[in-house]
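Visitor: following is a predicted model, sequence given first.
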Amino acid sequence: RSDSIEILLLVGEEYYLDENYPKALNIFFTSLKLSESLNNSTRAADAANDIGRIYYEIENYSEALKYYNRALDYFIIDKNEQKQGGVYNNIALIYYETDSLDQAVKYYNDALKIYEKYGNELELATIYHNLGLVYMNNNEYKKAVENLESSREIFVQLDYPKYAANTTNNIGRALYRGGE
C-alpha cells in the first residue's frame, strides 16, 4: 500500500505540473486519506503539503494555510526539520501575499534557523531574498538591503548569476525607495 501512495503522489504531481488542479487535488486527497489510514505520517505530510501548494496556486490562502499546518504537524512528528523549513517558507509566502508582514517575517525566520543548521545555502539565499522583499514592502529599507545583500552574496558563491542579478536589482529598488 505504501507503493500505492507513492504512485498517487507522483500522478498527482503530474496533474499539478499540467495545472489540472481539480484532478491533482482529488488524487492528493486520496493519497492523504490512504496515508492517514495506514498511519504513514511521512506520506500524509507530503500529500497535505501538495494540497496546500494547489490551494496557494489558486489563491485560496485559508485552505492552503490549513493544509500547510497539517503537513507541518506530520513533519514535526517525523522529526523532518528540512521539510519543516520548506513548510515554514510556504506559510510565510501566504502571509506575505495577504500583507501579514510580521507573520511572514516570523515564519521566514523559522525557516532560516533550520536552513542555517543544515547549511542549505540555496534555501538560505532564497529566504534572505524573500525577507528582503517583506522588509521593503514594510518600508524597512535598511533591513531589506541587509537581507538582500546576504542573499546576493550566497547566490554569487553558488554561481547563480540570474538570481544574483535579480537580487541586485531589488537592492537598488530598496536603496531608491529608502532615499539613498
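Guide: Everything's here; your move. Numbering: from 1, shown residues only.
Visitor: CA only for contacts and neighbour counts going forward, please
Guide: OK.
Visitor: now Ile154. Nearest residue, chain neighbours left out?
Guide: Excluding the flanking residues, the one nearest Ile154 by C-alpha to C-alpha, 6 or more residues apart in numbering is Ala125, at 5.7 Å.
Visitor: pLDDT value on the one you found, please?
Guide: pLDDT recorded at Ala125 is 97.
Visitor: pretty sure it contacts Ser151?
Guide: Yes: if you go by C-alpha atoms under 8 Å, Ala125 and Ser151 touch, sitting 4.2 Å apart.
Visitor: where's Lys106, which helix or strand?
Guide: Using DSSP states H and E, Lys106 falls within helix 101-118.
Visitor: what residues of the very next helix or strand once past that helix count as buried?
Guide: Per DSSP H and E, the first helix or strand lying C-terminal to helix 101-118 is helix 121-137. When burial is assessed from 16 or more other C-alpha atoms under 10 Å, helix 121-137 yields the following buried residues: 121, 123-137.
Visitor: what angle do the helix holding Lys106 and helix 121-137 make?
Guide: If you take axes from the mean of the first three to the mean of the last three C-alpha atoms, to 10 degrees, helix 101-118 sits at 160 degrees to helix 121-137.
Visitor: packing partners of helix 101-118?
Guide: helix 81-97, helix 121-137 (3 or more C-alpha pairs under 8 Å, 6 or more residues apart in numbering; DSSP states H and E).
Visitor: make TSV out of those helices and add distance to Tyr68.
Guide: What follows is the helices and strands packed on helix 101-118, written out as TSV (distance: least, C-alpha to C-alpha, whole Å):
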stretch	distance to Tyr68
helix 81-97	6
helix 121-137	18
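Visitor: what's the closest of those to Leu158?
Guide: helix 121-137 (7.6 Å; C-alpha to C-alpha).
Visitor: tell me how far that closest one lies from the chain's centre.
Guide: Distance of helix 121-137 from the chain centroid (C-alpha atoms, centre = their mean, to the nearest Å) equals 11 Å.
Visitor: residues contacting it, please?
Guide: Contacting residues not belonging to helix 121-137 are listed as 89, 96, 101, 104-105, 108, 111-112, 115-116, 141, 143-148, 150-152, 154-155, 158, 167, 170, 174 [C-alpha atoms under 8 Å, 6 or more residues apart in numbering].
Visitor: let's see that with 7 Å instead.
Guide: Outside helix 121-137, the residues that touch it by C-alpha atoms under 7 Å, 6 or more residues apart in numbering are 96, 101, 105, 108, 112, 115-116, 141, 143-145, 147-148, 150-151, 154-155, 167, 174.
Visitor: and these, which are buried?
Guide: For the contacts of helix 121-137, a burial check counting by 16+ other C-alpha under 10 Å picks out 96, 101, 105, 108, 112, 115, 141, 143-145, 147-148, 150-151, 154-155, 167, 174.
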